[in-house]
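Q: Kindly generate the corresponding structure for this input.
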Amino acid sequence: MKFHNTLEEMFASKVKIAVMKLMCLNPERKYSGREMARLLNQSASRVLEVLELFRKNAVVHRETVGRSSQWGLNKESIVVEEVSSLINVERKIYMALKARIYETLIREKSIQKVVLYGSVARKKEKPESDIDVFILVTTKKDKELAAELVGKLNKYLLPRYGNVISESIYSEREWKDMEKTKMFKKIESEGEIILIREKIRDEMR
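A: Next up, the predicted model:
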């Protein structure tokens, strides 16, 4: 492996980072070049080029199975050890965001359901993207209190993440009337549930 300029050598493109993340998040799995290219939506030739570079730097190993090659992570690699820690930090950042939203909003009993949706939920966000959050409250009069809690959340989030929550707050009756709208379908299909009360969960069954 190269001992100098390692970051530039192995992480200077999105494809290299994507290959490394996929393998570090699935350390026991082995992939063919074509399978990995399909999972990452990249060309097979580019992925194989990256894998060969990683092999030369002792990050992955290659096994021949019949006529195909299988690529696996070298878990003893010092690079893999350090990068895995960094990838875990990335995951913890997102988990911490969801935990903060949950811990702040769970205290208010009128909040029945909280869903993260939009670009953040799709993992397509930009650095300046708002954090789209849907909040279901019991009645219209509960919407103001939910908005106040979001305001407190934003005071915490902005200096730490550089993003704020863009909330969509609906009462149960209002949301029921939205069933045939694009927004309803979007939130229900792509959203990631952060909080859901027993009552709402039972109604969904």
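Q: can we go C-alpha only for contacts and neighbour counts from here?
A: Fine.
Q: check which helix or strand covers Leu51.
A: Secondary structure assigned from DSSP states H and E places Leu51 in helix 44-56.
Q: Tell me how far the residue nearest to the spatial centre of the chain lies from Asp177.
A: The centroid of the chain falls nearest to Lys123 when counting by Cα atoms, centre = their mean (5.3 Å). Noted for Lys123: a distance of 29 Å to Asp177, by Cα to Cα, to the nearest Å.
Q: Then Ile165?
A: Taking Cα to Cα as the measure, Ile165 and Asp177 are separated by 24 Å.
Q: now for the longest helix along the chain, which elements pack on it?
A: Secondary structure of the chain per DSSP state H: the longest helix is helix 78-105. Packing partners of helix 78-105 (3 or more Cα pairs under 8 Å, 6 or more residues apart in numbering; DSSP states H and E): helix 14-25, helix 143-161, strand 192-196.
Q: what's the angle from the second one to helix 78-105?
A: Going back to what we said before, that points to helix 143-161. 160 degrees (axes from the mean of the first three to the mean of the last three Cα atoms, to 10 degrees).
Q: Report the buried residues of helix 143-161.
A: The neighbour-count check on helix 143-161 (16 or more other Cα atoms under 10 Å) flags 143, 146, 150, 153-154, 157 as buried.
Q: Likewise for the first one?
A: Of the residues in helix 14-25, those with enough neighbours to count as buried (16+ other Cα under 10 Å) are 15-16, 18-21, 23-24.
Q: more neighbours, Ile165 and Asp177?
A: Set Ile165 next to Asp177 and count neighbours by other Cα atoms under 10 Å: Ile165 wins out with 19 against 10.
Q: And that one, how far from Arg38?
A: Plainly put, Ile165 is 34 Å away from Arg38 if you go by Cα to Cα.
Q: where does the protein have low pLDDT?
A: Residues of the chain meeting the criterion pLDDT under 70: 1-8, 200-205.
Q: Okay, domains of it per the record?
A: Split into domains by automatic domain parsing, the chain comes to 6-76, 93-204.
Q: Of those domains, which is nearest Ile87?
A: domain 6-76 (7.0 Å; Cα to Cα).
Q: Tell me how far the closest one lies from the chain's centre.
A: 21 Å (Cα atoms, centre = their mean, to the nearest Å).
Q: So that it lines up with my notes, have the first residue be 24 from now on.
A: Sure, I'll start numbering at 24, so the last one becomes domain 29-99.
Q: OK, contacts around the nearest residue to Gly214 once chain neighbours are set aside?
A: Closest residue to Gly214 apart from its sequence neighbours, by Cα to Cα, 6 or more residues apart in numbering: Tyr140 at 4.3 Å. Shown in contact with Tyr140 (Cα atoms under 8 Å, 6 or more residues apart in numbering): 154-157, 210, 213-215.
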